[in-house]
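> Here's my sequence, what's the structure:
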Amino acid sequence: MKITIIGTGNIGSAIALGLAKGSMFAASDITCTDMSEKALDNVRRADYDFVLSMDNITAVRDADIIILAVKPWKVESVINEIKTAIDYEKQIVVSIAAGVTFEDLASYFVKGCVSYLANCDDIEPAIFRVIPNTAIAVCSSMTFISAYNASDEQSALVLRIFRELGNAMLVEERLMAAGTSLASSGIAFALRYIRAAIEGGVELGFYPQEAQSIVINTVQGAIDLLIENNSNPEAEIDKVTTPGGITIRGLNEMEVSGFTASVIRGLKASR
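Here you go, the predicted model:
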């Protein structure tokens, strides 16, 4: 199985590197394209077995899966460039561009399409929208996937591919914006809590590096508890909030300052 990634910026190169470390693709199965020699050099230094190109049309011809990892405003021009070289009935297209809908993507592929497919205007490729977060760079992304004109087998394949890069789930397209808020923007929100806790730790008397280590390990422990016990946060909170204790006093003070409400409002604002 061959895969072509168009655009080797931060996300595109992270996908390539992560997949090359997994079980489904060797680096030699992955073609990376970019208009920047510097971007391609960065990928080349990571693994010399990647196939590198500045020719998108040639790069997509033999690919089973084509990933569009370019900025949203570049998607239409890239599709216009490659659409006559794609076999709509066999190849899968994956878009990483946030905010570019299936309606947009489908219209880009069929508009003015003339290729070796006689009925090109009546055929749409299997298209997936994929929204990862920046933890994809360390194969720990929470990725949302939505499918259009795809079979169950194709959906299962794309899901399997992105589970090589962390966790992934299939959702309806209407939930993609919410997923972006919860996981893509959400990783910044989680980091902001960590930063605030580190600052609090310094105020309590720890050196910054000590406070950072403590907070990171504490957050990791909270995550491990939820996963290991298959529990919800409130159940784990109850285990450390004794009546009249210091933990419940701290939690209540945070709520007075609007902790939960602030998180929810931030999530809604980032959709």
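
> And the next helix or strand past the one helix or strand residue 179 maps to?
Assigned by DSSP states H and E, residue 179 belongs to helix 176-179. Next along the chain after helix 176-179, taking DSSP H and E as the criterion, comes helix 185-204.

> where does the stretch 101-250 of the chain dip in pLDDT?
111-122 (pLDDT under 70).

> the helices in it, which residues?
102-110, 152-162, 176-179, 185-204, 208-229, 233-238, 246-256 (DSSP state H, counting those that start in this stretch).

> so what secondary structure elements neighbour the third one?
Translated: helix 176-179. On a contact count with 3 or more CB pairs under 8 Å, 6 or more residues apart in numbering; DSSP states H and E, helix 176-179 meets strand 126-131, strand 141-148. Every C-beta, even on glycine, is put in place using the N, C-alpha and C of the backbone.

> and of those strands, who's closest to residue 69?
Closest to residue 69 of these is strand 126-131 (CB to CB; 9.4 Å).

> Could you report the neighbour count for residue 203?
When counting by other CB atoms under 10 Å, one arrives at 9 neighbours for residue 203.

> ditto for residue 58
14.

> Likewise for residue 76?
Neighbour count for residue 76, taken as other CB under 10 Å: 16.

> Surely it touches residue 109?
No. When contacts are counted by CB atoms under 8 Å, residue 76 is not listed as touching residue 109 (10.1 Å).

> Now do the domain split for this structure, please.
3-171, 180-269 (automatic domain parsing).

> how long is the longest one from one end to the other?
By that I understand domain 3-171. Chord length of domain 3-171, first to last residue, is 23 Å (CA to CA, to the nearest Å).

> now that domain: how far from the chain's centre is it?
12 Å (CA atoms, centre = their mean, to the nearest Å).

> related to what we said a few turns ago, pick the most deeply packed of the domains of the chain.
Comparing the domains of the chain on average neighbours per residue, with mean count of other CB atoms under 10 Å, the densest one is domain 3-171 at a mean of 18.

> could you give me the average pLDDT of stretch 44-60?
Mean pLDDT, stretch 44-60: 94.

> Now do it: distance from first to last residue.
19 Å.

> what's the distance between the residue lying farthest from the centre of the chain and residue 218?
Centroid-distance maximum for the chain: residue 244 at 42.5 Å, with CA atoms, centre = their mean. Using CB to CB, to the nearest Å, residue 244 is found at 23 Å from residue 218.

> For residue 92, give me its contacts.
Shown in contact with residue 92 (CB atoms under 8 Å, 6 or more residues apart in numbering): 64-66, 125-128, 150, 154, 157-158.

> Repeat the analysis, applying 7 Å as the threshold.
64-65, 126, 128, 154, 158 (CB atoms under 7 Å, 6 or more residues apart in numbering).

> OK, contacts around residue 149?
Neighbours of residue 149 in contact, by CB under 7 Å, 6+ apart: 124-127.

> what's the farthest-apart pair in those residues?
Largest pairwise distance in the contacts of residue 149, by CB to CB, is 8.1 Å, between 124 and 126.

> Could you find the closest non-adjacent residue to residue 169?
Distances taken as CB to CB, 6 or more residues apart in numbering place residue 144 nearest to residue 169, at 6.3 Å, with adjacent residues excluded.

> Let's have the helices of the stretch 101-250 of the chain in a markdown table, adding distance to residue 35.
Shown next, in a markdown table, are these (distance: least, CB to CB, whole Å):
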| stretch | distance to residue 35 |
| --- | --- |
| helix 102-110 | 19 |
| helix 152-162 | 25 |
| helix 176-179 | 27 |
| helix 185-204 | 28 |
| helix 208-229 | 38 |
| helix 233-238 | 45 |
| helix 246-256 | 48 |
